[in-house]
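Undergrad: everything below, folded, please.
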Amino acid sequence: MRNAFINRIKLSGGYALLPILLFLVIFIGSGVYFSLLNTPFAFYQVSATVAILPSIILAIGLGNGDFVSKISNFIDGVRDSSIITMCLIYLLAGAYTEVLKSIGGVEAAVNLTLSFLPPQATLPGLFILSAFVATAMGTSMGTIAAMAPIAFGIAQAIGLSIPLTMGTVVGGAMFGDNLSLISDTTIAAVQTQGGTLKDKFKINSLIALPAMIVTLITLIAYGFNNPCQSCVTITEFPWIMSTPYIFVLILAISGVNVFLVLILGILSAGFIGICFTSNYTLLNYAKSIYQGYGSMQEILILSLLIGGLSHLSKTQGGLQSLINFTGKIVHKFSKKESKSVVEGAIATIVSLCDICTANNTIAIILAGEATHELAKKYHLPPSRTATLVDLFSCVFQGILPYSAQILLAGSIASISPLSIIPHVYYCYALGIAGVFAIFLQKPKFHAK
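TA: Okay, the predicted model is just below:
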């Protein structure tokens, strides 16, 4: 009886998405529940690393094949190269942040920044700098790892909302991740949809720039209406301690690989600390690196478990069922070949894939074949389709409470990832701009 019931569920194909939905219900629902009880740190009462365990058990229980093969599929997801890459970035970012903090580099960098940047312009400045760094580096993760520690220090120094500050950095990072010509999402979008990098960049810019302008106006308005920024005291500090931060910033803007940026940042911070701080020894340096690793423990474990859960969903056909269902909806409602409906479906497919995988590059690749076929059937320009899949995957990647970017920012600032989500203004503005672009069929662009 039980097996017959499960088999009926499996016929729908969407059963494989139930574990992901269960995780979201437990993760977000527990936080809301404890918030209603006025419990301090409500969203920390049930760790996400524990909330995901019932989902993994459910995914294994619903899956086809024997227990060993399902565990093998889960492990394949855990050891996926993109997951391991994220975890290594977590470790290096944690070590860099802790070493910089232990030598006084964060305080020095904060005071250096505030000496050049008026308090009212802090948030717009952080957004622009994060966007610039991400565009040059081609990675939002590397940008957040480099920018978030200093942004967190600035927020503490001048009384800014920490979730808002982290959301601003994440927004800037997602701007660059979406637009950069060397971003893995841009490359994946162009490769799966066709077109050229140049044409995709032009179309993408015409949609993203209005969203950027709206975000900047919002941040500027906040800066001039926030009374807590009226008095800022810049303390005297040995500016030599800020050189590791400046060094990392220069490397990032130059487009150096994120791993090299963080490794050189750790080495330079340690060198400055040992040479210019009397009580900072090699042993202190080693301990700081270890403490940095420890600070990233929770998000590292969560990322590994999410990787395994997402892979189980993929191998069990959950994502494909979503894609097939969306395709049927398009065929039903697009008898008049409405390009807006088709583009809306393309945006929906890649968005759902990102929600299920929490990895925008993987989402673009998974959705690639289905979205490309829709674009070909309804004669959509490849570069425009590439823009849409990249844009909407970045929108959701920037606002998912379990995305690598949000988890990293939350971990660095020691705040709940859910507290950051309402403040990633750029991603919301970009999503709205994308919807307008679809329904208005703008911008009109023809490759030469």
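Undergrad: show me the shaky parts of the stretch 151-300 of the chain.
TA: Applying pLDDT under 70 to the stretch 151-300 of the chain picks out residues 227-237.
Undergrad: quick one, what contacts Ile56?
TA: Shown in contact with Ile56 (CB atoms under 8 Å, 6 or more residues apart in numbering): Pro19, Phe74, Leu305, Gly308, Leu309, Leu312. Yep, even glycine has a C-beta here, placed from its N, CA and C like the rest.
Undergrad: average model confidence for the helix or strand where it lies?
TA: Under the criterion of DSSP states H and E, Ile56 resides in helix 53-62. Mean pLDDT, helix 53-62: 90.
Undergrad: can you give me the helices in the stretch 201-350 of the chain?
TA: Secondary structure of the stretch 201-350 of the chain (DSSP state H, counting those that start in this stretch): helices at 243-253, 258-276, 282-295, 297-315, 318-333, 339-357.
Undergrad: tell me which of these sits nearest to Tyr44.
TA: Tyr44 lies closest to helix 297-315 among the helices of the stretch 201-350 of the chain, at 9.9 Å (CB to CB).
Undergrad: show me what that closest one is packed up against.
TA: Contacts defined by 3 or more CB pairs under 8 Å, 6 or more residues apart in numbering; DSSP states H and E place helix 297-315 against helix 18-36, helix 48-51, helix 53-62, helix 67-78, helix 81-102, helix 339-357, helix 404-413.
Undergrad: dump the ones you listed into JSON lines; add distance to Ile240 as well.
TA: Shown next, in JSON lines, are the helices and strands packed on helix 297-315 (distance: least, CB to CB, whole Å):
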{"stretch": "helix 18-36", "distance to Ile240": "43"}
{"stretch": "helix 48-51", "distance to Ile240": "39"}
{"stretch": "helix 53-62", "distance to Ile240": "47"}
{"stretch": "helix 67-78", "distance to Ile240": "42"}
{"stretch": "helix 81-102", "distance to Ile240": "13"}
{"stretch": "helix 339-357", "distance to Ile240": "43"}
{"stretch": "helix 404-413", "distance to Ile240": "24"}
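Undergrad: out of the ones you listed, which one sits most buried?
TA: helix 404-413 (a mean of 26; mean count of other CB atoms under 10 Å).
Undergrad: chain center to that helix, what's the gap?
TA: Relative to the centre of its chain, helix 404-413 is centred 9 Å away, using CA atoms, centre = their mean, to the nearest Å.
Undergrad: show me what that helix is packed against.
TA: On a contact count with 3+ CB pairs under 8 Å, 6+ apart, helix 404-413 meets helix 81-102, helix 140-158, helix 162-179, helix 297-315, helix 417-420.
Undergrad: show me which residues of the helix or strand hosting Ala370 are buried.
TA: Applying DSSP H and E as the criterion places Ala370 in helix 360-377. For helix 360-377, burial by neighbour count (16 or more other CB atoms under 10 Å) applies to 360-368, 370-372, 374-375.
Undergrad: go on, stretch 415-425?
TA: Those would be Ile415, Ser416, Pro417, Leu418, Ser419, Ile420, Ile421, His423, Val424, Tyr425, for stretch 415-425 by 16+ other CB under 10 Å.
Undergrad: contacts for that stretch next, please.
TA: Identification of contacts with stretch 415-425 by CB under 8 Å, 6+ apart yields 28, 31, 41, 43-44, 48, 161-164, 166-168, 170-171, 174, 214-215, 218-219, 398-399, 401-402, 406-407, 409-410.
Undergrad: tell me how far the host helix or strand of Thr113 lies from the chain's centre.
TA: Assigning secondary structure by DSSP H and E places Thr113 in helix 105-116. Here helix 105-116 is found 26 Å from its chain centre; the criterion is CA atoms, centre = their mean.
Undergrad: and that helix, what does it pack against?
TA: Identification of packing neighbours for helix 105-116 by 3+ CB pairs under 8 Å, 6+ apart yields helix 81-102, helix 140-158, helix 243-253, helix 258-276.
Undergrad: domain ranges for the chain?
TA: 2-78, 81-191+205-298, 312-440 (automatic domain parsing).
Undergrad: any idea of the angle the helix or strand following the helix holding Thr113 forms with helix 258-276?
TA: The helix or strand immediately downstream of helix 105-116 is helix 122-137, counting by DSSP H and E. For helix 122-137 against helix 258-276, the angle by axes from the mean of the first three to the mean of the last three CA atoms, to 10 degrees is 120 degrees.
Undergrad: OK, contacts around the closest residue to Ala404 other than its chain neighbours?
TA: Once flanking residues are discounted, Ala404 sits nearest to Met86: 4.8 Å by CB to CB, 6 or more residues apart in numbering. Contacts for Met86 (CB under 8 Å, 6+ apart) come out as Met141, Ser303, Ala404.
Undergrad: how close does Met86 get to Ile306?
TA: Separation of Met86 from Ile306 (CB to CB, to the nearest Å): 10 Å.
Undergrad: Val68 too?
TA: As for Val68, its distance to Ile306 is 22 Å (criterion: CB to CB).
Undergrad: residues in contact with Thr387?
TA: Ala189, Lys200, Ile203, Asn204, Ile207.
Undergrad: same question, Ala93
TA: By CB under 8 Å, 6+ apart, the contact list for Ala93 reads Ile144, Ala145, Leu262, Gly292, Met296, Leu408, Ile412.
Undergrad: per-residue confidence at Leu21?
TA: Looking at Leu21, the pLDDT reads 82.
Undergrad: state the distance from it to Cys356.
TA: 10 Å.
Undergrad: one step back: can you redo the contacts of Met86 as TSV with distance to Gly94 and pLDDT?
TA: Putting the contacts of Met86 into TSV (distance: CB to CB, whole Å; pLDDT from 0 to 100) gives the following:
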residue	distance to Gly94	pLDDT
Met141	13	86
Ser303	13	83
Ala404	14	84
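Undergrad: JSON lines for those, including distance to Ile266?
TA: Below are these laid out as JSON lines (distance: CB to CB, whole Å):
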{"residue": "Met141", "distance to Ile266": "16"}
{"residue": "Ser303", "distance to Ile266": "21"}
{"residue": "Ala404", "distance to Ile266": "20"}
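Undergrad: tell me the one of those nearest Phe152?
TA: Nearest to Phe152, judged by CB to CB, of the contacts of Met86 is Met141 at 16.4 Å.
Undergrad: can you tell me the closest non-neighbouring residue to the closest one?
TA: Closest to Met141 by CB to CB, 6+ apart is Ile89, at 5.1 Å.
Undergrad: same check, this time on Gly77
TA: Leaving out its chain neighbours, the residue that sits closest to Gly77 by CB to CB, 6+ apart is His311, at 2.5 Å.
Undergrad: circling back to that earlier point, to Ser35, which of the helices and strands packed on helix 105-116 lies closest?
TA: With CB to CB as the criterion, Ser35 lies closest to helix 140-158 of the helices and strands packed on helix 105-116, at 22.3 Å.
Undergrad: what comes up buried for that closest one?
TA: Residues 140-155, 157-158 are the ones in helix 140-158 that count as buried (16+ other CB under 10 Å).
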